[in-house]
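Visitor: Need the 3D shape of this:
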Amino acid sequence: MKPWLRPFLLGMLATAALLGVGTLAFVYAGRYDIGADAPHARPVAALLTVLRERSLRSHAAGLQVPDLADPQRILQGAGQYAAMCTQCHLTPAMRHSEIRPGLYPQPPDLTRVHVDPKVAFWAIKHGIKMSAMPAWGGSHDDPTIWSMVAFLQKLPDLSAQQYRDIVARAPPDDDMDMGGEAAAPPHAADPPAVH
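Guide: Next up is the predicted model:
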């Protein structure tokens with residue numbers, strides 16, 4: 001071993017140990033504000049954004065995309081989206097929802113962005129840690145998730161009226177099992193229940 005290499009390696013090891021101890025002290029002190037209403041520091045936000053984007057692309061890379069232009073698949077996806085996604089990801093007629101302002105990071109407004117089909121499928125199926133994105137793969141099969149992805153390919157190009165029309169024609173969302181019975185969508189004309 002070269003004479004200068006040993007002190008260099010010892011210095012690197014000491015620096016790594018100090019960083020590790022400092023990180024543990026910071027974590028256990030509880031000083032970092034983890035509240036959803038306090039944005040991450042810029043370096044933390046940048047690191048988490050890169051981590052999320054790289055992870056999604058890496059995990060989704062090998063997926064085989066089915067025919068997303070199938071009208072029945074798109075129609076089914078419209079119903080799924082209307083039942084499960086609008087409060088976070090909005091509709092062409094919505095700019096806000098009650099839950100959306102309290103979410104950090106903000107979910108993408110899927111009425112305004114085109115999402116890569118593979119990335120969309122993986123994110124819907126597996127969810128995203130430390131966000132409000134649930135893993136729908138535990139309650140929905142792959143064909144159902146692909147139907148949502150098919151609809152997402154059309155969503156940014158729909159007007160509010162086109163969105164209402166396609167959702168009105170969509171089959172019922174039988175996967176939304178509420179205690180053994182399929183959830184029926186509420187109708188605006190239905191009177192409120194009186195107890």
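
Visitor: going forward, measure contacts between C-alpha atoms and count neighbours the same way
Guide: Will do.

Visitor: Quick one: distance of stretch 128-143 to the chain centre.
Guide: Average the C-alpha atoms of stretch 128-143, do the same for its chain, and the two points are 8 Å apart (C-alpha atoms, centre = their mean, to the nearest Å).

Visitor: scratch that, stretch 63-82 is what I was asking about
Guide: Here the centre of mass of C-alpha atoms in stretch 63-82, compared against the chain's by C-alpha atoms, centre = their mean, lies 17 Å away.

Visitor: buried set for that stretch?
Guide: Leu68, Arg73, Ile74, Leu75, Gln76, Gly77, Ala78, Gly79, Gln80, Tyr81, Ala82 (16 or more other C-alpha atoms under 10 Å).

Visitor: and what of stretch 134-142?
Guide: Ala135, Trp136, Gly137.

Visitor: In JSON lines, list these along with secondary structure.
Guide: Shown next, in JSON lines, are the buried residues of stretch 134-142 (DSSP: H, G, I helix; E, B strand; the rest coil):
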{"residue": "Ala135", "secondary structure": "coil"}
{"residue": "Trp136", "secondary structure": "helix"}
{"residue": "Gly137", "secondary structure": "helix"}
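
Visitor: Out of the residues you listed, which is nearest to Asp157?
Guide: Among the buried residues of stretch 134-142, Trp136 lies closest to Asp157 (C-alpha to C-alpha), at 24.7 Å.

Visitor: contacting residues around the nearest residue to that closest one once chain neighbours are set aside?
Guide: Distances taken as C-alpha to C-alpha, 6 or more residues apart in numbering put Lys125 closest to Trp136, at 5.0 Å, once the chain neighbours are dropped. Lys125 is in contact with Ala135, Trp136, Gly137, Gly138, His140, Asp142, Ile145, counting by C-alpha atoms under 8 Å, 6 or more residues apart in numbering.

Visitor: how much space is there between the closest residue to Pro92 other than its chain neighbours and Lys129?
Guide: In space, Pro92 comes closest to Ala160 once its chain neighbours are excluded; the distance is 4.7 Å by C-alpha to C-alpha, 6+ apart. Note on Ala160: its distance to Lys129, by C-alpha to C-alpha, to the nearest Å, is 31 Å.

Visitor: follow-up on the earlier one: report the separation between the residue nearest to Trp136 and Gly35.
Guide: On the measure of C-alpha to C-alpha, Lys125 and Gly35 end up 26 Å apart.

Visitor: Spatially central residue for this structure, please.
Guide: Nearest residue to the geometric centre of the chain (C-alpha atoms, centre = their mean): Met133, 3.8 Å.
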